[in-house]
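S.K.: When you get a sec, could you give me coordinates for this:
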Amino acid sequence: MEQLLSAEGLLALGRAAYTWLLTNVLVLDNAVQVGIVGLTLLLAMLIAKRLRTWLARYRDHRHLGRGVIIAESVAMPLIWLTLLWIAMTVLGLSERSTGLLRTVGALLAAWIVIHLASQFVRNPAWAKLIAWAAWSFAALIVLGLLEPIIAVLDAAAIPVGTSSSISLYDVIRSMIVFAVLLSLALWLTTLIESRIRTSQTLSPTVQVLFTKSLKMVLISLAVIVAINSVGIDLTALAVVGGLLGVGIGFGLQKIVSNLISGVILLVDKSIKPGDIISVSGTYGWVTALGGRYVSVVTRDGVEHLIPNETLISEPVENWTHTQRRTRLKVDLIVHHDTDLRQVIALCEDAARACKRVLPEPEPKCLFIEFGESALKLQLRFWIGDAQNGVQNVKSDVLLEIWERFRQQGIRIPFPQRDLHIRTSADRSALQALA
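M.R.: Just a heads-up that it's a prediction; the model follows:
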């Protein structure tokens, strides 16, 4: 330690540092790379400025607004990275060193990935994992450890068939490719679905069928591309895939049944978003058709997730399948001494006074039967917005009827029973008569 801190030691250390500096830093290749970094940065700033000016026109777009804002934030780094990649390719063809460009490009790519992850990934845990993976990848590139680690991972391989094998590196690469493609597929599906929902020419059932089919196709493509990225021939997995499909089919019968039932519901249009249905004691309107269930919201605000298979195998009341009109019935009783023709006119007039009752077909009040202590009637009327509730409109009609009955002095009877209490003297007289 004393020798290292002596004048001779410090002088030797300085010479070594100077020699390393001349050999590794102050060389022509590094000077060229520094110049390329500065030049590509200036070009990226100029191109990004023009690109932001063009993108600003779409910033207030209803569907593209958020994407435009994100594109503006990564325009300059992405253009810079592209220019660096072109420069590295050219220098590589001329067999010149590209270490500095690789370092800057790795750090820039890590920043872009982390920035995009913070914008698209809502889960903080996943966002942190992506950031950690991006910085780790960049550090391996800077330290020159990426290729040795890839070689180690690629050496751990297992044979698949007679002409191919899968290594640990292939598995990791395919998982990354699948994750990226799956995210892109879901994002693209969401974007297209938002555009389809605004279409006035497509029915709700066609909209749901198209978006669900598109989602399944894109996810399937993501899986196929991820498998192909490993270099595996799909024909080699045909037998294994068939056996696996049979096993999954037996184990997931309910899920498969619900999936197929959902497709049937979409194709035959028996139930569609916005319909008012009643099934298994649940009454409400359909808000969404999923791959496994149908979402039905009741008037209480409770969302019921009913399996698609239930809607196929059990009776379902669809109040709006072929038309939006619904007929409602209100049972009434009046005293025996009441003028029935007057009561019928008052009931029909009360129904017409409610805003939600349709004028056509006209409300109709019918005399049903003579009861033990009252005359029984039934008021029938039609509404065109059952999704806004049924009991509330019945309540409005009953209030109108009650108001008119009260003004006309019409009584609503209540059940009566006559009780005859016999005394002991009455029982003695009956026995004497017997």
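S.K.: pLDDT score for residue 395?
M.R.: If you check residue 395, the pLDDT there is 92.
S.K.: That one: neighbouring residues, count only.
M.R.: Neighbourhood size, residue 395 [other Cβ atoms under 10 Å]: 13. Glycine gets a C-beta too; all of them are placed from N, C-alpha and C.
S.K.: likewise residue 182?
M.R.: Neighbour count of residue 182, defined by other Cβ under 10 Å: 15.
S.K.: Grab the nearest non-local neighbour of it.
M.R.: Once flanking residues are discounted, residue 182 sits nearest to residue 222: 5.0 Å by Cβ to Cβ, 6 or more residues apart in numbering.
S.K.: Give me the secondary structure label for that neighbour.
M.R.: Of the three states, residue 222 takes helix under DSSP: H, G, I helix; E, B strand; the rest coil.
S.K.: now that we're looking at the residue nearest to residue 390 when sequence neighbours are not counted, how far away is residue 396 from it?
M.R.: Spatial nearest neighbour of residue 390, chain neighbours left out: residue 328 (6.3 Å); criterion: Cβ to Cβ, 6+ apart. Residue 328 sits 11 Å away from residue 396, going by Cβ to Cβ, to the nearest Å.
S.K.: again with residue 79
M.R.: Counting by Cβ to Cβ, the gap from residue 79 to residue 396 is 64 Å.
S.K.: now swap in residue 116 and tell me
M.R.: The gap separating residue 116 from residue 396 is 54 Å, by Cβ to Cβ.
S.K.: and what of residue 89?
M.R.: Using Cβ to Cβ, residue 89 is found at 76 Å from residue 396.
S.K.: Buried residues in stretch 52-61, which are they?
M.R.: 52, 55 (16 or more other Cβ atoms under 10 Å).
S.K.: next one: stretch 199-219
M.R.: 205, 207, 208, 209, 210, 211, 212, 214, 215, 218, 219.
S.K.: So which of those residues is the closest to residue 188?
M.R.: Residue 188 has its nearest neighbour among the buried residues of stretch 199-219 in residue 218, at 6.5 Å by Cβ to Cβ.
S.K.: tell me which element the closest one falls in.
M.R.: Assigned by DSSP states H and E, residue 218 falls within helix 204-230.
S.K.: pLDDT on that helix, on average?
M.R.: Mean per-residue pLDDT for helix 204-230: 76.
S.K.: helices and strands around it, which ones?
M.R.: On a contact count with 3 or more Cβ pairs under 8 Å, 6 or more residues apart in numbering; DSSP states H and E, helix 204-230 meets helix 168-197, helix 253-268, strand 282-289.
S.K.: Help me confirm that residue 312 is found in a strand?
M.R.: No - using three-state DSSP, the assignment for residue 312 is helix, not a strand.
S.K.: wait, doesn't it sit right on residue 267?
M.R.: No - using Cβ atoms under 8 Å, residue 312 is not in contact with residue 267, being 11.9 Å away.
S.K.: Looking at these two, which is more packed in?
M.R.: Shown here are residue 312 and residue 267; by other Cβ under 10 Å, residue 312 has more neighbours (18 against 10).
S.K.: Quick check: closest non-adjacent residue to that one.
M.R.: Spatial nearest neighbour of residue 312, chain neighbours left out: residue 261 (4.5 Å); criterion: Cβ to Cβ, 6+ apart.
S.K.: In this structure the one you found contacts residue 309, no?
M.R.: Yes - using Cβ under 8 Å, residue 261 is in contact with residue 309, at 4.8 Å.
S.K.: Now render the buried residues of stretch 199-219 as JSON lines, adding distance to residue 191.
M.R.: Listed next are the buried residues of stretch 199-219 as JSON lines, based on distance: Cβ to Cβ, whole Å:
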{"residue": "205", "distance to residue 191": "21"}
{"residue": "207", "distance to residue 191": "14"}
{"residue": "208", "distance to residue 191": "16"}
{"residue": "209", "distance to residue 191": "18"}
{"residue": "210", "distance to residue 191": "13"}
{"residue": "211", "distance to residue 191": "11"}
{"residue": "212", "distance to residue 191": "15"}
{"residue": "214", "distance to residue 191": "11"}
{"residue": "215", "distance to residue 191": "12"}
{"residue": "218", "distance to residue 191": "11"}
{"residue": "219", "distance to residue 191": "15"}
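S.K.: Among these, which one lies nearest to residue 384?
M.R.: Checking the buried residues of stretch 199-219 against residue 384 with Cβ to Cβ, the nearest one is residue 205 at 20.6 Å.
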